[in-house]
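Student: could you look at this predicted model? Sequence included:
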Amino acid sequence: MNNQEKRPLGPSHWELYKMLEVNNFISMYTKKAEVEKTNIAKSGSKGALDRENNAWTVVKDLFLFAATTSFNTIIFIFIARKWPTVMKQITYCKLDEYIDQRVIFRSTVITIAIVIVGPIECALNQLALYTHILDCTPREMIDDPFRMLMMKKDNWIFDAEHVPYSFPLGIIIQVFNLIMSLNWSYPDIFISCICLYLVSIFDKINEKIDFALDKSLESWFWRSVREDYTQATRLVRMFDEVLSGITFVSLANHLFCICLQVYNILQISVKGGTKQKFPLKGCPNYPSGIFNGNEYTLYLACSIFLLVFRFLSVCLIGSRVHSAATQPSIALHGVPTKFYCTEIQRFIEQIHSDDIALSGLQFFNITRSLILPVAGTIITYELVLLQFNDE
């Protein structure tokens, strides 16, 4: 009786109270599940689809992609304001005789190669997303695949209640994403074409020097070549002043994207795929893609390959400016003694005293020696992330 007196209610009332509490919990849970099911049906992300973390999605879509392309646009606006001065300086240098006409073909090839890279990467990413939707959504609930793709890919837009989904809006967003992808690729094209132009000038100067090595020429010839070389170095410094900002942004962006994609690949390989972006456990239709469930892995592999291709293209083409600018010193050291003169000596000293290369805001010069430190930085970064992830 004492135990019963300690209870606020009698035994029957206590049991009834607990039963009502359990029933209320079950009812609340059932109602919540029905509300979530209704919301999923309205939003188009049906079935077992799990949304990405909204904070990371905003960072990825707004900062990494949209903000980067917007920043590129702002930089190119400043470049456009300086471009008339650049054209006047090119005309003043009078180096047209040294321009190789093949530079047009080379620039076209590199432009086509880089332009194709961006849409391919975007297409593979959307293929992985679409396959994940098909894998994890019951067949009877797939009514509008394009809507479900847009709700999955751009959920940071359509999650807002005042921005409902519509098909025309989805098309506009897809076109806008394609434009941003091309904008993202344009700095690499621009830098590569300018580097090819500068390299063609130095290559022609080097050919002129090689042709004159075994010939008895007056000092005025070597003076004219040295003056042309000086004008070419002025062009390099002028372009470096104009392009250093976009060069820094482009290479830094590639470095970040490479580190991110390498980390995602290591997460799949080291962790056995348990922490990949699209977890497939519990998906009723897996695999439903054309690549037997390996669409996301294929996207990561192609993405890292294309990113490395773009990074190496910019670095190797940009480093040729430095290599071509230092090449005359090797040839001039081979001039026979009987043809040696003061102008040749001045030419050699000028080449050794100048550091001719494009740079990224003067933080680094684009040379061949830049590639290995960057590779070491990527490896160190990945090892540190994996170590912290294990802990």
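Tutor: In hand now; what should we look at?
Student: all contacts plus neighbour counts: C-alpha atoms, from now on.
Tutor: OK.
Student: where does Leu361 land in three-state SS?
Tutor: Recorded secondary structure, Leu361: coil (DSSP: H, G, I helix; E, B strand; the rest coil).
Student: tally of neighbours for it?
Tutor: A count of nearby residues for Leu361, using other C-alpha atoms under 10 Å, gives 17.
Student: same question for the one 10 residues further on.
Tutor: Around Ile371 sit 16 other residues, with neighbours defined as other C-alpha under 10 Å.
Student: go on, the one 10 residues further on?
Tutor: Around Tyr381 there are 16 other residues, counting by other C-alpha under 10 Å.
Student: report the secondary structure element holding it.
Tutor: helix 371-390 (DSSP states H and E).
Student: and what of Gln261?
Tutor: In this structure, Gln261 sits in helix 219-270 according to DSSP H and E.
Student: beyond the helix or strand containing Gln327, next helix or strand please.
Tutor: Secondary structure from DSSP H and E places Gln327 in helix 295-332. Sequence-wise, the next helix or strand downstream of helix 295-332 (DSSP H and E) is helix 342-353.
Student: and the contacts of that following helix?
Tutor: With contacts defined as C-alpha atoms under 8 Å, 6 or more residues apart in numbering, helix 342-353 is touched by 219, 222-223, 226, 325-326, 328-329, 332-333.
Student: now render these as a markdown table, adding pLDDT.
Tutor: Putting the contacts of helix 342-353 into a markdown table (pLDDT from 0 to 100) gives the following:
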| residue | pLDDT |
| --- | --- |
| Ser219 | 80 |
| Trp222 | 86 |
| Arg223 | 88 |
| Arg226 | 89 |
| Ala325 | 90 |
| Thr326 | 89 |
| Pro328 | 87 |
| Ser329 | 85 |
| Leu332 | 84 |
| His333 | 84 |
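Student: which one of the residues you listed is nearest to Tyr92?
Tutor: Closest approach between those and Tyr92, by C-alpha to C-alpha: Arg226, at 16.4 Å.
Student: any idea how far the closest one lies from Leu383?
Tutor: For Arg226, the distance to Leu383 (C-alpha to C-alpha, to the nearest Å) stands at 49 Å.
Student: now, which of the contacts of helix 342-353 sits nearest Phe239?
Tutor: Ala325 (14.5 Å).
Student: distance of that closest one from Ile201?
Tutor: According to C-alpha to C-alpha, Ala325 stands 10 Å off from Ile201.
Student: next one: Ile258
Tutor: On the measure of C-alpha to C-alpha, Ile258 and Ile201 end up 33 Å apart.
Student: quick one, which of the two is more surrounded?
Tutor: Legend: neighbour count by other C-alpha under 10 Å for Ile258 and Ile201, higher for Ile201 (23 against 20).
Student: which strands or helices does the helix holding Gln261 pack on?
Tutor: Applying 3 or more C-alpha pairs under 8 Å, 6 or more residues apart in numbering; DSSP states H and E, one finds that helix 219-270 makes contact with helix 68-93, helix 167-212, helix 295-332, helix 342-353, helix 371-390.
Student: ok now that helix, how far from the chain's centre?
Tutor: 16 Å (C-alpha atoms, centre = their mean, to the nearest Å).
Student: and the angle for that helix with helix 371-390?
Tutor: In terms of direction (axes from the mean of the first three to the mean of the last three C-alpha atoms, to 10 degrees), helix 219-270 departs from helix 371-390 by 20 degrees.
Student: relative to helix 68-93, how tilted is helix 219-270?
Tutor: For helix 219-270 against helix 68-93, the angle by the same axes, to 10 degrees is 170 degrees.
Student: now do helix 219-270 and helix 342-353, the angle between them.
Tutor: If you take the same axes, to 10 degrees, helix 219-270 sits at 20 degrees to helix 342-353.
Student: host element of the closest residue to Ile189 other than its chain neighbours?
Tutor: Excluding the flanking residues, the one nearest Ile189 by C-alpha to C-alpha, 6 or more residues apart in numbering is Thr111, at 5.6 Å. Take DSSP H and E as the rule and Thr111 turns out to sit in helix 102-136.
Student: packing partners of whichever helix or strand comes after that helix?
Tutor: Heading C-terminal from helix 102-136, the first helix or strand you meet, by DSSP H and E, is helix 145-153. Counting by 3+ C-alpha pairs under 8 Å, 6+ apart, the packing neighbours recorded for helix 145-153 are helix 102-136, helix 167-212.
Student: go with 7 Å
Tutor: Of the remaining helices and strands, none touches helix 145-153 by 3 or more C-alpha pairs under 7 Å, 6 or more residues apart in numbering; DSSP states H and E.
Student: tell me the mean pLDDT over that helix?
Tutor: Across helix 145-153, the average pLDDT comes to 73.
Student: and stretch 356-374, by the same measure?
Tutor: For stretch 356-374, mean pLDDT rounds to 88.
Student: identify each buried residue in it, please.
Tutor: Buried residues in stretch 356-374, counted by 16 or more other C-alpha atoms under 10 Å: 356-361, 365-368, 371.
Student: chain center to it, what's the gap?
Tutor: 18 Å.
Student: stretch 203-212 too?
Tutor: 38 Å.
Student: now it: average pLDDT?
Tutor: Mean per-residue pLDDT for stretch 203-212: 87.
Student: check which residues of that stretch are buried.
Tutor: For stretch 203-212, the neighbour count (16+ other C-alpha under 10 Å) marks 203-206, 209-210 as buried.
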